[in-house]
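K.L.:
Here's a sequence, model it:
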Amino acid sequence: MSDPLATMEGMTAASILEIDTPVSAPAQLAGIVDGIADRRRRIAALQAEEASLLAQAQSYALARMDHGRREADQPRDIPLRSVAAEIAAATRACDRTVLARMSDADLLVTRFPLTFAHLSDGRIDQTHASVIVAAGLPIDDAEARTGYEQAVLEIAARETPSRLRPLARTLAQRAHPVPLDDRHRAAARGRRVWMRDLDDEMAEFGGIAPAHLVHGIYDRVTSLARAVVDARHGDGDARAGTRGGLSGAPELPGLAPDHRDARADDRSLDEVRADVLCDLLLTGHATSEASAASIPAADAIRARVQITVPALALLGRSTAAADLSGHGPIPLDIARQLTADAPGWDRVLTDPVTGCVIAVDRYRPLEQQRRALRVRDEHCRFPGCRQPTHRCDIDHTVAAAHDGPTEICNLAHLCRRHHTLKHHSAWRVEQQPGGTLVWTSPLGRRYDDVPARRLIFTVADDPPPF
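P.N.:
You can find the predicted model right below:
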C-alpha cells in the first residue's frame, strides 16, 4: 500500500482538489493531516535549533563580559548588547527583542533540558515549551525542577498549550520547595502597569498586581458596566443619567456635543466596561455625571505630543491625514481639535521631492535645532529601535571632542541604551546627507537607518497654488 504522505508530496494544490471520489477522499484527508503534523514536527525541530544558536550567542557574549577588558565607564553588558544588535540587524528585528529571546533560549537549553529534548524531537512545539518554562522558572532547585519537567511533559504530549498552562502552574506549585506565601510576597514587588500603542488611534493598557486585587477590579468594573447597561434598557433612554462622560453615551472624538447626544447608546458590555475603567482612572468616579462634576475626563489628561498636520488640511483644502509622532496617522478631526488649543506651532519646511526636513522655525524661537531633530527623527535612530525622542539623548555622530560640529547634519537622537553602545563597543555610525545613519557592526556589516519621514514620503500631486 502506498504511503499517503509520499503521495501528497507529489501533488499540487489543484490536483488535490480534483480528487473527489468516495474511495480517495479518506486517503486524501489522511495525507493532508499527516503532512501538516509532519511539518509541525519539523518546525518544532527548527525552533529548537534556533534556540540552541541563540543560547550559544548568549554564552559567547557572557564569556566576553567576564574576560574582556573594559574602560572605566563602560557598562559591563556591552558585549551582550552588541551581539544582540548584530543578530537583530541581520534579521531585521528589534535588538531588545533579540536580547530577550537569547535569554529565553538560554533558560530553555540550560535549565530545562528535558523540555528542550522534547522540542528537538518535535513531540511538543515552541508554545508548549514557553508554557513549561514560564511555569517552572520560579523553581530554583534543580532536582525539584526535573521532577516538575517529567510530570508536565507527560501532559504536554497530549494537550494543547492553553489546556497545559493551568496544569503546568499547578504542577510547578506542587514541586516548588518554597511555600506559596513567601513567594507571593517576593512576586508582589514586581507589580507594574504598562501601555502599548495599537492601530486606528487605539492603545492597550495593562498591569500586574496581586491576583485578588485584579479580580476585584475586574468584578467592580463589570458590575458598574452592567448597571449602566441595565439602566439603559430599563428606562428606554439610552443616555439617561450617563451623558457627558466616557461611561455615558458614545462620544466619538471629533464630534460636536450635539452630535454625540444624537447617537443611540448601543455599546456592548465590553465597551461600557472599558469606558467605566477610563472614567474611574481619570476622574475617580464611575458615572459620567459624577465625573463631569469633579474633573472632566478631557481636562484630566495632560500629555506631551508632537502632531504633524498639513497646513492645507487644517484649512479644509486637503484630506491628508495628520500624524502623531511615535504612533502614526490620526483622524484629521482630532488633529484640528488638538491644534485649536495648542500653545505654539512649529512650521516645518520639507524638501518637495525627498521629504527631508530643511528647516523648522517658530514665532517664538525655542532651540530650533532640537525641534528640527525631533521632527526628523521621531525616535531613536538605531536600526529597529522606537524609543521616542523625549526619552533619547541628542548625540554628535562625529564627537564634539573630535571637532564634530553641532549642526543638524551631525546630530541624531539615540536612546541611552544605543548611545552607550555607540561609545563603548565596536559599532560605528556615520551620517549621510538627508539624515540617513549608516551603522557598521563589529562584523563589518552595514545597516542604513533612514528618517521615518523619508521612508513614508510619496509625491501624489503637485501642491496647489496659494
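
K.L.:
Next one: the nearest residue to A412 once chain neighbours are set aside relative to A400, how far apart?
P.N.:
In space, A412 comes closest to R381 once its chain neighbours are excluded; the distance is 4.5 Å by CB to CB, 6 or more residues apart in numbering. Placement of C-beta: from N, CA and C, glycine included. Taking CB to CB, to the nearest Å as the measure, R381 falls 18 Å from A400.

K.L.:
who has more neighbours, the two?
P.N.:
With neighbours defined as other CB atoms under 10 Å, R381 and A400 compare such that R381 has more, 30 against 10.

K.L.:
List the residues that contact the more buried one.
P.N.:
Shown in contact with R381 (CB atoms under 8 Å, 6 or more residues apart in numbering): A412, H413, L414, L437, D449, P451.

K.L.:
Kindly reformat these as JSON lines containing neighbour count and secondary structure.
P.N.:
Shown next, in JSON lines, are the contacts of R381 (neighbours: other CB atoms under 10 Å; DSSP: H, G, I helix; E, B strand; the rest coil):
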{"residue": "A412", "neighbour count": "27", "secondary structure": "strand"}
{"residue": "H413", "neighbour count": "26", "secondary structure": "strand"}
{"residue": "L414", "neighbour count": "24", "secondary structure": "strand"}
{"residue": "L437", "neighbour count": "21", "secondary structure": "strand"}
{"residue": "D449", "neighbour count": "22", "secondary structure": "strand"}
{"residue": "P451", "neighbour count": "24", "secondary structure": "coil"}
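
K.L.:
so where's the stretch 101-250 of the chain uncertain?
P.N.:
233-250 (pLDDT under 70).

K.L.:
And the strands in it, which stretches?
P.N.:
Applying DSSP state E, counting those that start in this stretch to the stretch 101-250 of the chain gives strands spanning 192-197, 203-208.

K.L.:
Format those as a markdown table; extra columns: mean neighbour count.
P.N.:
Formatted as a markdown table, the strands of the stretch 101-250 of the chain follow (neighbours: other CB atoms under 10 Å):
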| stretch | mean neighbour count |
| --- | --- |
| strand 192-197 | 10 |
| strand 203-208 | 11 |
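
K.L.:
possible to save those strands as a markdown table with distance to V133?
P.N.:
Formatted as a markdown table, those follow (distance: least, CB to CB, whole Å):
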| stretch | distance to V133 |
| --- | --- |
| strand 192-197 | 21 |
| strand 203-208 | 18 |
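
K.L.:
Which among those strands is found nearest to R42?
P.N.:
strand 192-197 (33.0 Å; CB to CB).

K.L.:
in its sheet, what does the closest one sit against?
P.N.:
In the sheet, strand 192-197 lines up against strand 203-208 (antiparallel) (DSSP bridges).

K.L.:
Let's see the partner strand as PDB, backbone CA atoms only.
P.N.:
Output of strand 203-208 as PDB, limited to C-alpha atoms (Å, rounded to 0.1, in the frame of the first residue of the first chain):
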ATOM      1  CA  ALA A 203      -3.800  51.800  22.700                       C
ATOM      2  CA  GLU A 204      -3.600  48.900  25.200                       C
ATOM      3  CA  PHE A 205      -3.300  49.400  29.000                       C
ATOM      4  CA  GLY A 206      -2.400  46.600  31.300                       C
ATOM      5  CA  GLY A 207      -1.000  45.900  34.700                       C
ATOM      6  CA  ILE A 208       0.300  43.300  37.100                       C
END
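
K.L.:
For stretch 139-150, list every residue counted as buried.
P.N.:
I139, A144, R145, T146, Y148, E149 (16 or more other CB atoms under 10 Å).

K.L.:
re the thing from before, taking the contacts of R381, tell me the two that lie furthest apart.
P.N.:
For the contacts of R381, the farthest-apart pair by CB to CB is L414 and P451; their separation is 13.8 Å.
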